[in-house]
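K.L.:
quick one, fold the following:
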Amino acid sequence: MSLSDPIGDMLARIKNAQSRMHKVVKLPSSKFKFKIAEVLKEEGYIIDFKVNEIENKYILEINLKYNYGSPVINSIERVSRPGRRIFSSAESLPKINNGLGIAIVSTPKGVMTDINARKQKVGGEIICKVF
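P.N.:
Now for the predicted structure:
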């Protein structure tokens, strides 16, 4: 099965798993999804993640985080889509909920949060918003 938007699929799986209060979500792995999971872990939105190989297929396993029974991720939504890419310079990167949330940005220096991109003065493609 081919997906036209694997990152959108990843975000939808995380959102659906948290609405059903699952502890772990499993999805097909890629280097880009791995980098997004790294950013989510660094920012404290997930507990941990790992990549398992099952029958020559790599599976990304994400351990979701909850705070007193409610999901830590209130909303996670895709910004840049395959049909409409959204790019931004370092100065015009959006602040998510007045700085309480993050935007995950793909820059020439790697995948990072909007805060780190502003510090390093690099722009890029806005992948998603997390709050």
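K.L.:
tell me who's in contact with residue 29.
P.N.:
51, 58, 59, 60 (C-beta atoms under 8 Å, 6 or more residues apart in numbering). C-beta here means a position set from N, CA and C on the backbone, and glycine is covered the same way.
K.L.:
residue 125 - nearest residue in space that isn't next to it in sequence?
P.N.:
residue 106 (4.6 Å; C-beta to C-beta, 6 or more residues apart in numbering).
K.L.:
and that neighbour, helix, strand or coil?
P.N.:
What DSSP: H, G, I helix; E, B strand; the rest coil gives for residue 106 is strand.
K.L.:
how many neighbours does it have?
P.N.:
Close neighbours of residue 106, defined as other C-beta atoms under 10 Å, add up to 19.
K.L.:
so that it lines up with my notes, have the first residue be 8 from now on.
P.N.:
Renumbered: residue one is now 8, and that last one reads residue 113.
K.L.:
and it, what are its bridge partners?
P.N.:
residue 118, residue 132 (DSSP bridges).
K.L.:
right, and it touches residue 131 too?
P.N.:
Yes - between residue 113 and residue 131 there is a contact under C-beta atoms under 8 Å: 5.1 Å.
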